[in-house]
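Novice: Next comes the sequence, and after it the predicted model I'd like to discuss.
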Amino acid sequence: MKKYLNIIILLILPLLFLILSLLCQETLYFSNYYDPSYVYLINSLNLSQLQGFGVGHIDHPGTTVQIIGAIVIMFSSVSNIEIVSEIFNNSELYLSKINLVIYFLNSFALFIFGIIAFKKFKDLKSAVILQLTPFFSTILFFRIPKLAPETVIIFTILILLSIIIFFTTKEDKNSTVNYVIGFGLICGFALATKISLFPLLIIPFILLRKFSVKISFCLVTIIAFFIFIFPAISSEHSYKFLNWIRKLIMFSGKYGGGEKNYVNVSNFFVNLKTIIIKEPVFSLSYLIILLSFFAFLIPENFKKFKPNQTKPNQIKPNHQSRYFKLLFAFLTAITIQIIIVCKHFELHYLIPAQLLIIPCLFVINELASELLPNFFRRKKFLIFSIVLTVFTLIQIKSIYELFEYKSQTNESARNFIGYLENNCKECLIVNTYGVSSKEEALFIGASYGGSRRNYYFSILNNKFPNSIFYDKWSKEIVNVDSLDVEKVKIRNSKKFLFLCNDENSLNDFLNTIKELTTDKNLTVNKVYSNFYGESIYEIKLN
């Protein structure tokens, strides 16, 4: 009976995480949630057709997300013949299906993680505390609605942590090969999901003892990486991906832009300050981990964590020595991840580091119990529980504020789309990036359609004959059907609508139109705007 009760308890947090993930679910053409969700949907569509169409998006590279999406599409589509039409007509339905599968994978991984922790530590409290791992990151709940690598990162890190638990509690010295394979497979999977997860590789690299074993781990990781990205491999994509990585390393701006220097020092510290301000719980946790690590380095403390050399043939390993090495590995991985974020700032790049915080604090608690055995004999989790309670309350507040914000933006997006549907059905509409628009969402996805790009554009042209697409970065009208046709549509229109979410895009578009039509006296009138900053402009040609 107690066994089943323990299983039920270990099911609570995975089910809660699944429910929260479902509550975060969004209409993904609202605001700019379609980036990169629709890109991954269209690339999954390419793979699902099993005709060698390949993919058009390799930036993350995100191949694992595309493979999961392709499998879901293949098994849930009504007809393989009409699969393209199904996706374009029911894009949100298929995005929901793919996300649902990923949510279940994450929750299942969290449950398995708890079961493994319980069996290895023989302690239910330890298992439940470790299951709090994904709840630590509020940024995660911003990203969960999207079909993106961040959702798969959760599953990846939970599996990695499960293997680490086996490794740190192992008593069989002859099982090294299994761990090399296990670590290599999950790290290869991680790199194929998002290349910026490379700091995770440092953890097994530090934990594995012999240099030859470390090299073997690296080789297995590389082989696994190429296996998982196989659907995206081509000479063209390989060159683009390597060039992309080169730019990320050599240039200090976002997405490989900016100045050609490795780090912009002033921006680096500005970004670090932003992390501290926007993520105070994470910043404080990192400080605790850093101070704890240096406290453990004090000679009087450190000698307690050295492997027991008096019994070289002992069967039971010195777990404290492994925990100290694990703390160092976690701290190194988190620190490198923070450096990456400060160099190329996006808060969601912090998610891998945040998912290591709870395990890291757990390891500190284990090491502290060795230093102060009398204090921790009956109160092993007292301080840890108090810290977690305070952090949890702060996180609950943040998650509540997140849902409030999402509620506002969703309502704004619905009103924006409702206005267009009620008042602009027959109007010529120019879409641009950042506005709530199913047309723009499908266009962004089709733009990364690879070898099927032009075919998908023809579908868009037939499906949305009154829609034109403007690229705010290149400042050009995009050729969906024929660029001349797009220009004729604008020239022949007495008026048309332009959708955008910033004035710079409007000004750039107006300059483009003036050059296209030679009309220097355009009449521009804002007819609608919402809370999120999305605006509809009526533009008349004289």
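Specialist: Received it, and whenever you're ready, just let me know what you need.
Novice: neighbours around the closest residue to Ser493 other than its chain neighbours, how many?
Specialist: Counting by Cβ to Cβ, 6 or more residues apart in numbering, Ser493 lies nearest to Leu428, which is 4.9 Å off, once chain neighbours are set aside. C-beta: built from backbone N, CA, C; applies to glycine. Leu428 sits with 19 neighbouring residues when counted by other Cβ atoms under 10 Å.
Novice: okay, now the closest residue to Arg143 other than its chain neighbours: neighbour count?
Specialist: Nearest in space to Arg143, with sequence neighbours left out and distances taken as Cβ to Cβ, 6+ apart, is Glu150 at 4.1 Å. Neighbour count of Glu150, defined by other Cβ under 10 Å: 22.
Novice: which element is Glu150 on?
Specialist: helix 149-168 (DSSP states H and E).
Novice: Check which residues of that helix are buried.
Specialist: Using 16 or more other Cβ atoms under 10 Å as the test for burial, helix 149-168 gives 149-165, 167-168.
Novice: what sits up against the helix or strand hosting Gly188?
Specialist: Using DSSP H and E, Gly188 sits within helix 176-193. Here helix 176-193 makes contact (Cβ atoms under 8 Å, 6 or more residues apart in numbering) with 60-65, 149, 152-153, 156-157, 159-160, 163, 166-167, 170, 197-198, 200-201, 204, 208, 213, 216-229.
Novice: avg pLDDT for it?
Specialist: Throughout helix 176-193, pLDDT has a mean value of 94.
Novice: repeat for stretch 150-162
Specialist: Mean predicted lDDT for stretch 150-162 stands at 96.
Novice: for the stretch 1-150 of the chain, what are the low-confidence residue spans?
Specialist: 1, 78-81 (pLDDT under 70).
Novice: Show me where it has its helices.
Specialist: 2-23, 34-48, 63-76, 83-89, 91-121, 124-130, 138-143, 149-168 (DSSP state H, counting those that start in this stretch).
Novice: who's in contact with the fourth one?
Specialist: Going back to what we said before, that points to helix 83-89. Here helix 83-89 makes contact (Cβ under 8 Å, 6+ apart) with 41-42, 45, 48-49, 73, 77-79, 94, 442, 456, 459-460, 463.
Novice: from those, which single one is nearest Leu510?
Specialist: Nearest to Leu510 among those, counting by Cβ to Cβ, is Leu460 at 24.3 Å.
Novice: which residues touch the closest one?
Specialist: Listed by Cβ under 8 Å, 6+ apart, the contact partners of Leu460 are Phe88, Glu439, Leu442, Phe443, Ala446, Ser467, Val480.
Novice: list the helices and strands the helix holding Glu150 packs on?
Specialist: The helices and strands touching helix 149-168, judged by 3 or more Cβ pairs under 8 Å, 6 or more residues apart in numbering; DSSP states H and E, are helix 63-76, helix 91-121, helix 138-143, helix 176-193, helix 202-207, helix 319-343, helix 351-354.
Novice: The helices of the stretch 1-150 of the chain: which one's closest to Phe496?
Specialist: Nearest of those to Phe496, taken as Cβ to Cβ: helix 34-48 at 22.3 Å.
Novice: by contact count, what packs against the closest one?
Specialist: Using 3+ Cβ pairs under 8 Å, 6+ apart: helix 34-48 touches helix 63-76, helix 83-89, helix 91-121, helix 438-447.
Novice: returning to that earlier point: output the helix holding Gly188 in CSV, but only the C-alpha positions, please.
Specialist: Taking only C-alpha atoms (Å, rounded to 0.1, in the frame of the first residue of the first chain), the coordinates of helix 176-193 have been written out as CSV:
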residue,chain,number,x,y,z
THR,A,176,31.5,2.9,-17.3
VAL,A,177,30.6,2.0,-20.9
ASN,A,178,26.9,2.3,-20.2
TYR,A,179,27.3,5.8,-18.8
VAL,A,180,29.5,6.9,-21.8
ILE,A,181,26.8,5.7,-24.1
GLY,A,182,23.9,7.2,-22.0
PHE,A,183,25.7,10.6,-21.6
GLY,A,184,26.8,10.7,-25.2
LEU,A,185,23.3,9.9,-26.6
ILE,A,186,21.5,12.5,-24.5
CYS,A,187,24.2,15.2,-25.0
GLY,A,188,24.1,14.5,-28.8
PHE,A,189,20.3,14.9,-28.6
ALA,A,190,20.7,18.2,-26.7
LEU,A,191,23.1,19.6,-29.3
ALA,A,192,20.7,18.6,-32.1
THR,A,193,17.9,20.4,-30.2
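Novice: what helix or strand is Asp508 on?
Specialist: Going by DSSP H and E, Asp508 is in helix 503-517.
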